Every structure is written in structure tokens, then in C-alpha cells.
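1. Sequence first, then the predicted structure:
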Amino acid sequence: MKYLLLYAGDETAAGLAVTEETAAQPEEECGGPWAQELRERQIHQLTGGRLMPTSAATTVRTAGHETLVADGPFAETKEQILGFDVIECADLDAAIYAASRHPVAVLGGTVEVRPFLQGA
Amino acid sequence: MRYLLLMWNEQDSAGALEAEPEAVGAEAEPCWMPWAREMDQRGVLLDGGGQVQASVPAATVRAAGTGVLVADGPFAETKEQMAGYQIIECGGRDEAVYAASRHPVALQGGVVEVRELLAG
């Protein structure tokens, strides 16, 4: 089964905020130990990425032939979306385990676990 | 530049991405194929994406402190829910916003959030 892990948290909080230092950090350094631990449990990270802060976000809708563009993320929530991973594993329990071990969850953020549609 | 497009829509609306191949016959192409062709012609690279199942079976995981807290449902209690994602690579924000505005989710009344990915 494939799952989307969506990381959310306070983008200004220590550890979660994007700084010059963390932005320059290679992906393998921040998510590497986590991905390695998962591999040992037959959970595979297929893709993923970290996002620029929501100050760089744009939200797009259309109404008829008109395109409506707004600055900022879609959902004005206390926690902001920080990044995502796509994993492949046996079942929801394994996906929840992967979520619980991710640095964002450990640092006080939230991980939303969403199964993909079959064949998607 | 790489961008994450996050699609949000009302999950029970007729505008949801209903065109799973098996739902409309094996020969019919998925509803996002014309979009993919247009993006290809514009030189926008598509680098992975997918549709997730309705938010009902999602889990939300927190792991700060000692315990793991698992809750049902998505992290953002919004009318529209995250329905899928697409990673694109293109020249800049304007091109990413254009790609978002042409996506079936945006054309069918949903919202597309454009988020720049951190390099690396």
C-alpha cells in the first residue's frame, strides 16, 4: 500500500522553521536516519520533500474563465504544511509507525497519513 | 525550480476527480491527461503525483514527549480536503501558477496550493 505523509506544524517553531542552515542541509541528513530505520522494517520512502515557508505559497482557483490567485496557503491553520513523503508499506499500522518516528512528529508537529487511491 | 501542487476539493462533490480509469471504462483516459499533455508542450516537467482516498480513513499522528497520539481524520478541519498532489519542475512561480490554474481540480471548483520545494 502507498501512503502520503503530510507534515504539519508551527513553521516558526524551533526545529521546524526553515533557516539558512536547515535549508542548506541535504535531504539525506535530516530524513536519512528516519528512512534508514524504516527500511529495516520494510517501509520504503518513494519520494518526498521539504517546503519553503507559507510566505512563499500561492493559492489558485478558477471561476468560469477567470483565474483567482491569492498569496498564502489554502488553509489558514495554526499549523502549516511543512513537507511530505510518499511511502510504501504493508498496511496503515506500518504507515502510522513511520509517521510517529518522523522528526516532525517528534518535534511537536503533526503527520497526516493518507492512503492513495488504488492504481494512483 | 520545483513546486508541490496540493489539490484541495470537497470530497463528496461531483467536481472531485471522479475519472478513475475503471470508473469510466478502460479506454477512457484519466481526466488529468489533457493537462499533462499541455504541461509537456510548455516544458513543465511532471515529477510524480497521486490522488489520495477521501479523508475519512486518514489518521493524524503526533509523537512529541513520550507517547504516540493517533487521531482519526485530517489535521485541517476545512470544508475542502487535500485530495492529491503533483510535483512539477518549471521556470518559476508564474509558470507554476499557470499550471495550477489549468489543472482539472482548479477547473472543477477546487483549489490548488502552489508550494516551492527546498532545493536538495
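-> Structure received. Numbers count the residues shown, from 1 in each chain, chains lettered A, B, ... in the order given.

2. buried stuff in stretch B:36-43?
-> Neighbour counts over stretch B:36-43 (16 or more other Cβ atoms under 10 Å in any protein chain shown) mark B:36, B:39 as buried. Where you see a C-beta, it was placed from the backbone N, CA and C, and this is true even at glycine.

3. pLDDT averaged over that stretch, what's the number?
-> Stretch B:36-43 shows a mean pLDDT of 96.

4. and that stretch with chain A, contact?
-> No - Stretch B:36-43 does not reach chain A (Cβ under 8 Å from any Cβ of the partner chain); its nearest approach is 13.9 Å.

5. who touches that stretch?
-> Applying Cβ atoms under 8 Å, 6 or more residues apart in numbering or on different chains, the contact partners of stretch B:36-43 are B:46, B:88, B:90-91, B:95, B:98-99, B:102.

6. just to confirm, which helix or strand has the nearest residue to residue A:45 once chain neighbours are set aside in it?
-> Spatial nearest neighbour of residue A:45, chain neighbours left out: residue A:35 (4.7 Å); criterion: Cβ to Cβ, 6 or more residues apart in numbering or on different chains. Residue A:35 belongs to helix A:27-40 when elements are defined using DSSP states H and E.

7. So which elements touch that helix?
-> For helix A:27-40, the elements it packs on are strand A:44-50, helix A:92-101, helix A:103-106, judged by 3 or more Cβ pairs under 8 Å, 6 or more residues apart in numbering or on different chains; DSSP states H and E.

8. Turn the ones you listed into TSV, including mean pLDDT and mean neighbour count.
-> Below are the helices and strands packed on helix A:27-40 laid out as TSV (pLDDT from 0 to 100; neighbours: other Cβ atoms under 10 Å in any protein chain shown):
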stretch	mean pLDDT	mean neighbour count
strand A:44-50	93	17
helix A:92-101	95	20
helix A:103-106	93	21
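
9. Need these in TSV (columns: distance to residue B:114).
-> Output for these, formatted as TSV (distance: least, Cβ to Cβ, whole Å):
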stretch	distance to residue B:114
strand A:44-50	14
helix A:92-101	25
helix A:103-106	21
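
10. Let me know which of these is the nearest to residue B:31.
-> Checking those against residue B:31 by Cβ to Cβ gives strand A:44-50 as the closest, at 22.7 Å.

11. Within its sheet, name the partner strands of that closest one and how each one runs.
-> Applying DSSP bridges, strand A:44-50 is found paired with strand A:80-88 (antiparallel).

12. Which residues outside the strand it pairs with are in contact with it?
-> Applying Cβ under 8 Å, 6+ apart, the contact partners of strand A:80-88 are A:1-11, A:16, A:31, A:38, A:43-51, A:53-54, A:73, A:95, A:98, A:102, A:104, A:109, A:116, B:4, B:6, B:48, B:50, B:85, B:113, B:115.
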